[in-house]
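> Everything below, folded, please.
(one chain, ligands or ions: 2)
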Amino acid sequence: MSTALVILAAGMGSRMKSDLPKVLHKVAGAPLLVHAITSGAAVNPSRLVVVAGHGADKVRGAVETWAPEAEVVIQGEQLGTGHAVLQARNALQGFEGDVIVLYGDTPFIQPDTIARMVEAREKHDVVVLGFEPADPARYGRLVMEGDQLHRIVEYKDASAAERAITLCNSGLVAADAAVLFDLLDQVGNDNAAGEYYLPDIVAIAKERNLSATAVTCDASETLGVNSRTELAQAEALFQARARAEALENGVTLQAPETVFFAHDTFVGRDTVIEPNVIFGPGVTVESGAEIRAFSHLEGCHVSQGAQVGPYARLRPGAELAEKVRIGNFVEVKNALLDEGAKVNHLSYIGDATVGAATNIGAGTITCNYDGVLKHRTEIGDHAFIGSNTMLVAPVKIGNRAMTGSGSVITKDVAADALAVARARQENKAGFASKLYDILMAKKAKRDAAKAADKTEGNQ
Ligand code: UD1
Ligand code: CA
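Residues are numbered from 1 along each chain as shown. Ligands and ions are numbered 1, 2, ... in the order given. Predicted coordinates:
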């Protein structure tokens, strides 16, 4: 059966105190909204509708980048969660199948949980996701009898007895699209908040002799983000899970609590990650690599057996082949380093290709930017770039070619050639000691003047 996801993301999120809509705040490098979409991807949805309102233009922009398959609909006025879901009706005209409603500010619903909701739909018309938080606080309460869910009562509208119920509403709902919109048509706003409550569909379903039930999940999955504190908690929770998963998958983390993953980081087994390593989005590390302390990686690929760091920075487009070595204080951007290439110290390699087994000496810089345009540096296999070489791009260095230390290379170097581009050294006999004598005499004069000043001052 086909499934449509409807993601509610119209709320203002005023407690974030932000110019950015709440659902665009990031956890592990991806907007909260994208985490919700990723959870829902587990059921392979054929349709994806995001209900935006506050900051709709920004939400639309983010959706175009992160989930271009999604359709954005606008809820002009935030009249409640039920009203929000109704805004997806036109977009889903003609759609046959189930709708699953998710919240854009609830990033941790596990794919398996949504799968269990879909499974429960086989026996029930409406399936709601419930959870038992340590403190039920102001969540809506699920009024159950056996496996039948009778209704959901909002905290504001609940009696003392209902408030004593510990099973709470997460907000997630699954139902057949036609049934859902039909039920929503019946929802009114005669309640404490004066809003159209999505949860009210449950009581209406029961009146029509439809069956409703609740599937439950761990409270950690339903963590919603409403403030910066909760955003930080969400980040911490994501990181804790990602670290546990990496360890589980055979990755060594010497100090797991100091390693930060992005939402899409992939690390292969037997890779060792030293303390204080940060992964930005878009990183894949193959098996058996070594990411040493204090390295920062984003948008890059590290192949088997490669070594990175300590103190290395791999920026987007850095592509390291097998057994490449990137050492301390080396920055690599948009560059392909072929098998066994080495850049061990203090270098910038940007917009470049570096051939297999080529060695780049300390302090080498690819001067890729002329102030207006970027240019490429192409270095062949088995080349040797002397320390402190400036490679002024566009420039090509052939296979097995060498450059002398301190060279400023502005012209291509042919294969097997040695390029030296620096001032010639001149040695002047005896000059050093003469210079030393001159300097010592200057110092003596200055010291004498200082002493005279002091005596004068004391009189
Ligand atoms: C809602 C549920 C409550 C549940 C709780 C779980 C209702 C009436 N109550 O309460 O039972 O325990 O979530 O967190 O549904 N939104 C819109 N448009 C609107 C209103 C809300 O898009 O008009 C979005 C919000 O951006 C948010 C989500 O829906 O992502 C939930 O809305 P919120 O106002 O936070 O609902 P709660 O009062 O927390
Ligand atoms: Ca809420």
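
> Could you list the residues of the stretch 51-200 of the chain in contact with ligand 1?
Residues of the stretch 51-200 of the chain lying near ligand 1 by Cβ under 6 Å from any ligand atom: 51, 53, 75, 78-81, 83-84, 103-105, 139-140, 152, 154, 168-171, 197-199. Bear in mind the C-beta positions are built from the backbone N, C-alpha and C, glycine included.

> and the residues you listed, which of them are in strands?
51, 103, 152, 168-171 (DSSP state E).

> what two of those are the furthest from one another?
Farthest-apart pair in these is 51 and 168; separation 22.4 Å (Cβ to Cβ).

> pLDDT value on residue 458, please?
Predicted confidence (pLDDT) for residue 458: 71.

> try residue 290
98.

> Okay, helices next: where are they in the stretch 1-150 of the chain?
For the stretch 1-150 of the chain, the helices defined by DSSP state H, counting those that start in this stretch cover 32-40, 56-66, 81-86, 111-120.

> Which residues belonging to the last one are considered buried?
Across helix 111-120, burial judged by 16 or more other Cβ atoms under 10 Å covers 113-114, 116-118, 120.

> Wait, a helix at residue 215?
No: in this structure, residue 215 is strand, not part of a helix, as judged by DSSP: H, G, I helix; E, B strand; the rest coil.

> who's in contact with it?
113, 116-117, 120, 127-130 (Cβ atoms under 8 Å, 6 or more residues apart in numbering).

> Tell me the one of those residues nearest residue 280?
Among those, and counting by Cβ to Cβ, the member closest to residue 280 is residue 113, at 28.1 Å.

> mind checking pLDDT for that closest one?
With respect to pLDDT, residue 113 has a value of 97.

> from what I can see it touches residue 221, true?
Yes: using Cβ atoms under 8 Å, residue 113 is in contact with residue 221, at 6.0 Å.

> Tell me how many other residues crowd the residue in the stretch 101-250 of the chain that ligand 1 sits nearest to.
For the stretch 101-250 of the chain and ligand 1, the shortest gap (Cβ to the nearest ligand atom) falls at residue 140, measuring 2.3 Å. Residues lying near residue 140 (other Cβ atoms under 10 Å) number 28.

> Dihedrals phi and psi, it?
phi -70, psi 150 (degrees, to the nearest 10).

> Identify the residues contacting it.
152-155, 168-169, 199.

> Return the backbone torsion pair for residue 327.
Dihedral angles (degrees, to the nearest 10) for residue 327: phi -100, psi -160.

> Can you report how many residues lie near it?
Residues near residue 327, counting by other Cβ under 10 Å: 20.

> Can you give me the pLDDT of the closest residue in space to it that isn't next to it in sequence?
Nearest residue to residue 327, sequence neighbours excluded (Cβ to Cβ, 6 or more residues apart in numbering): residue 344, at 3.5 Å. Per-residue pLDDT puts residue 344 at 98.

> neighbouring contacts of stretch 106-125?
With Cβ under 8 Å, 6+ apart as the criterion, stretch 106-125 contacts 3, 27, 32, 35-36, 39-43, 98, 100, 102, 127, 129, 170-172, 174-176, 179, 205, 210-213, 215, 217, 220-225, 234, 237-238.

> how near is the closest residue to ligand 1 within the stretch 351-459 of the chain to residue 324?
Ligand 1 sits closest to residue 374 of the stretch 351-459 of the chain, with a gap of 41.4 Å, by Cβ to the nearest ligand atom. Computed as Cβ to Cβ, to the nearest Å, the residue 374 to residue 324 distance reads 22 Å.

> So which of the two has more stuff around it?
Remark: of residue 374 and residue 324, residue 324 carries more neighbours, 27 against 13, as counted by other Cβ under 10 Å.

> Could you report the pLDDT at the more buried one?
Predicted confidence (pLDDT) for residue 324: 98.

> ok, now which ones touch it?
Here residue 324 is in contact with 302-303, 306-307, 337-342 (criterion: Cβ under 8 Å, 6+ apart).

> how far is the helix or strand that contains residue 441 from where the chain is centred?
Element membership for residue 441 (DSSP states H and E) is helix 431-458. Using Cα atoms, centre = their mean, to the nearest Å, the mean C-alpha position of helix 431-458 is found 61 Å from that of the whole chain.

> Tell me how far the closest residue to ligand 1 within the stretch 301-450 of the chain lies from residue 174.
Per Cβ to the nearest ligand atom, residue 316 is where the stretch 301-450 of the chain lies closest to ligand 1, at 31.3 Å. Remark: distance between residue 316 and residue 174 (Cβ to Cβ) = 38 Å.

> More neighbours: which of those two?
residue 174 (26 against 14).

> in stretch 89-104, what counts as buried?
89, 91-92, 95, 98-104.

> Revised request: answer the last question for stretch 250-260.
Neighbour-count burial for stretch 250-260 [16+ other Cβ under 10 Å]: 251, 253, 256, 258-260.

> What is the nearest of the residues you listed to ligand 1?
residue 260 (26.0 Å).

> that older thread, next, format the contacts of residue 215 as a markdown table and append distance to residue 441.
Converted to a markdown table, the contacts of residue 215 look like this (distance: Cβ to Cβ, whole Å):
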| residue | distance to residue 441 |
| --- | --- |
| 113 | 84 |
| 116 | 89 |
| 117 | 90 |
| 120 | 95 |
| 127 | 94 |
| 128 | 92 |
| 129 | 87 |
| 130 | 90 |
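
> which among the residues you listed gets closest to residue 189?
Distances from residue 189 to the contacts of residue 215, taken by Cβ to Cβ, are shortest for residue 128, at 20.0 Å.

> OK, contacts around that closest one?
142, 149, 152, 169-170, 172-173, 199, 202, 212-215.

> just those residues now: which is nearest residue 349?
Among those, and counting by Cβ to Cβ, the member closest to residue 349 is residue 172, at 47.3 Å.
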